[in-house]
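# sharing a sequence plus its predicted fold:
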Amino acid sequence: MGLDIVRGDITTMAVDAIVNAANPQLQMGGGVCGAIFRAAGARRLREACDRLAPITTGEAVITDGFSLPARYIIHTPGPVWRDGTRGEEDLLRACYRNSLALAAEHGCASVAFPLISGGIYGYPVADAIRIALEEMRAFLMDPAHADMTVILALFDETTYGLARHIDERYPGRAS
């Protein structure tokens, strides 16, 4: 119930769904995507993803969680940062909105997100955090979703510290 920012490994979280910062082909990648595939069971997750791929940037699809403590994995490809003038912000917002809507459709009471596009896709980290928090808060403001717990799970201390700092700048935050 509400928004939490945590430092930790998303693959170990006992939530209804975790979000995979996927690529459009839904193939095993590096970073958080690779970690999710390995923890879930790469072969079974690849087979499930192959049936759904390809998807477009900002779209979201769902698979079982397989060997993860999470029941589901929601896959969403974030935008690659070019220069900020090619619709990157709208696409990143769509990742969060569509993933949250899919979690709600599947009756999830809790969902954990990594920082989408903030790694190898090159999105400026502070902007990616701000967008994530804005979209999560907007979703939780809807009374139909007020009972859901949404988590921004960050693996490294630097990004976690920056997210906590950005979060403190928002009056009336949901966390």
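Alright, I've got the coordinates.
# show me where this protein has strands.
Using DSSP state E, the strands of the chain run over 2-7, 17-22, 61-64, 72-77, 110-113, 149-154.
# a markdown table for the ones you listed, including distance to Ala40?
Any C-beta I mention is one placed from the backbone N, CA and C, and that applies to glycine too. Below are the strands of the chain laid out as a markdown table (distance: least, Cβ to Cβ, whole Å):
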| stretch | distance to Ala40 |
| --- | --- |
| strand 2-7 | 20 |
| strand 17-22 | 9 |
| strand 61-64 | 8 |
| strand 72-77 | 6 |
| strand 110-113 | 14 |
| strand 149-154 | 15 |
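# and the pLDDT for Gly172?
Gly172 is assigned a predicted lDDT (pLDDT) of 45.
# hmm, I was thinking of Arg169
76.
# excluding its backbone neighbours, what's nearest the most centrally placed residue in the chain?
For the chain, Phe113 is the residue whose C-alpha lies nearest the centre (Cα atoms, centre = their mean; 3.2 Å). Nearest non-adjacent residue to Phe113, counting by Cβ to Cβ, 6 or more residues apart in numbering: Val19, 4.5 Å away.
# and the gap between Ala22 and Ile5?
Distance of Ala22 to Ile5, given as Cβ to Cβ, to the nearest Å: 22 Å.
# go on, Leu133?
In terms of Cβ to Cβ, Leu133 sits 8 Å off from Ile5.
# same check on Gly41?
28 Å.
# now list whatever residues contact both of Leu133 and Ile5.
Taking Cβ atoms under 8 Å, 6 or more residues apart in numbering as the criterion, Leu133 and Ile5 both touch 152, 163, 167.
# turn the residues you listed into a markdown table, including distance to Ile73.
Supplementary listing: those in a markdown table, determined by distance: Cβ to Cβ, whole Å:
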| residue | distance to Ile73 |
| --- | --- |
| Leu152 | 17 |
| Ala163 | 22 |
| Asp167 | 25 |
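# neighbour-wise, which of Gly41 and Ile5 wins?
Ile5 (20 against 16; other Cβ atoms under 10 Å).
# for the more buried one, give me the pLDDT.
97.
# can you map out the helices along the protein?
31-40, 42-50, 88-105, 125-141, 157-168 (DSSP state H).
# for Thr57, which of these is the nearest?
In terms of Cβ to Cβ, the element of those nearest to Thr57 is helix 88-105, at 5.1 Å.
# what helices and strands are in contact with that closest one?
Packed against helix 88-105 by the contact rule (3 or more Cβ pairs under 8 Å, 6 or more residues apart in numbering; DSSP states H and E) you find strand 72-77, strand 110-113, helix 125-141.
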